[in-house]
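Engineer: just the structure for this:
(2 chains)
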Amino acid sequence: MNFFHDNFDMYPMFRNEDTRIKQPKLFEPKEAMMLGNLFKDLYMTYNGFSNFYIQPKTQRDILMLEVQTSTFVAHEINLYLDMYPNNQRMIDLFHEANKKLNEAIKAYEAEFGPLTVDHSDSAAPFEWINGPWPWDNFDEGTEI
Amino acid sequence: MWAYKKQLQYPINIRNKDLKMAKFIVTQFGGANGELGASLRYITQRYTMPDNKGKALLSDIGTEELSHLEMISTMVIQLTKDATIKELKEAGLEAHYTEHGFSLFPVDSNGVPFTAQYFAVTGDPVADLAEDMAAEQKARATYEHLMSLTEDPDLLAPLSFLRQREIVHYARFKELYDEYVEKYYKPDLNENPSM
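Structural biologist: Here you go, the predicted structure:
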């Protein structure tokens, strides 16, 4: 199975020949985030149910959705690349998604504080502990 | 090691209290086909995967399942927020309340507690991946059952998202399974012409 693919380095003449790797068809990032699936060929509905585009209501939700979308796209490509590490096109898309993710994280954190503890660089009090935590209902404000 | 990110994989904002759905959805936390079992199964199996693809895939999917555990927990907590004793009784949750109050606890929808047997680890990569493929399909079926039991769009959206993740994980596990069967069990006719 996938003889040329798995032994790519043994066959330098095929190294740049992209056509030998089947390129998956992808949903747009927004659509993929809505559905929970980046790969068109893997998508299966249940009783014709389809999710709607996510409608963020607050500035916090809007910036968080940007982070979530790029996190999701990068993660889907990550799982794909675990199985097909030689697909250069998907590696390029992975880098692109991570670049977008870093921009989205910067934009979110500038307004709403650190998403990871290593980004908590405030003076006292320690900013990391501030709510809302992810399981808090965002509509109800920040204090729990 | 693991690092925590203060974000859900998919946004969850549930407006309507629904204790019955909380009682059902909790099975994806502590049930046989739930996210806790899935995560710990993959994270435990990865140590006996024979190559780097297997180690990577099981680490990465096992990690994602932890974020699903967080989504399921979030749904249950938001569905039961501000519940009264009367409402708990009506939903058949008084036994849960007796043991655990308003806390989460890994049980299935019948109240049966989580057990390490759900890990189902054999140390055989092909058997383990077949287990993982079945686990993803069983979790998909459970998500479909849960979707049939509610009409609340605040619940349907994350349930449908999680169902779709089972489909993608199944596909990745199957690809690795097929590769291992080919690699370890199929005779190589060029090296063993007698076969």
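
Engineer: what's the pLDDT at A:D9?
Structural biologist: What the model reports for A:D9 is a pLDDT of 49.

Engineer: now swap in A:F3 and tell me
Structural biologist: Note for A:F3: predicted pLDDT of 42.

Engineer: got it, and A:D82?
Structural biologist: 98.

Engineer: that one contacts B:K53, correct?
Structural biologist: Yes: with contact defined as Cβ atoms under 8 Å, A:D82 reaches B:K53; the gap is 6.1 Å. All C-beta spots, glycine's among them, are computed from the backbone N, C-alpha and C.

Engineer: contacting residues around the residue nearest to the spatial centre of chain B?
Structural biologist: With the centre of chain B defined as its mean C-alpha position, the nearest residue by Cα atoms, centre = their mean is B:E35, 2.3 Å away. With contacts taken as Cβ atoms under 8 Å, 6 or more residues apart in numbering or on different chains, B:E35 has the following neighbours: B:28-29, B:65-66, B:68-69, B:71-72, B:139.

Engineer: from chain A, how far out is it?
Structural biologist: With the distance defined as Cβ to the nearest Cβ, to the nearest Å, B:E35 ends up 14 Å from chain A.

Engineer: quick one: mean pLDDT over the longest helix belonging to chain B.
Structural biologist: Ranked by residue count and defined by DSSP state H, the top helix of chain B is helix B:153-184. Computed over helix B:153-184, the mean pLDDT rounds to 96.

Engineer: and chain A, is that helix touching that?
Structural biologist: Yes: with Cβ under 8 Å from any Cβ of the partner chain as the measure, helix B:153-184 is seen reaching chain A through B:153, B:156-157, B:160-165, B:167-169, B:171-172, B:175-176, B:178-179, B:182.

Engineer: where does residue 111 sit, in terms of helix or strand?
Structural biologist: Because you didn't say which chain, this covers chain A. Assignment of secondary structure by DSSP states H and E places A:E111 within helix A:88-112.

Engineer: can you look at chain B instead?
Structural biologist: B:G111 is part of no helix or strand, with elements assigned from DSSP H and E.

Engineer: what do you get for B:I43?
Structural biologist: helix B:35-45.

Engineer: what residues sit buried inside the following helix or strand past that helix?
Structural biologist: Past helix B:35-45, further along toward the C-terminus, the next helix or strand under DSSP H and E is helix B:52-79. Judged by neighbour count (16 or more other Cβ atoms under 10 Å in any protein chain shown), helix B:52-79 contains these buried residues: B:53-58, B:60-62, B:64-79.

Engineer: same check on stretch B:85-94?
Structural biologist: For stretch B:85-94, burial by neighbour count (16+ other Cβ under 10 Å) applies to B:88, B:91, B:93.

Engineer: now stretch A:83-94
Structural biologist: A:83-84, A:86-87, A:90, A:93-94.

Engineer: equivalent analysis for stretch B:137-154, please.
Structural biologist: Within stretch B:137-154, the residues that qualify as buried by neighbour count (16+ other Cβ under 10 Å) are B:138-140, B:142-144, B:146-147, B:149-150, B:154.
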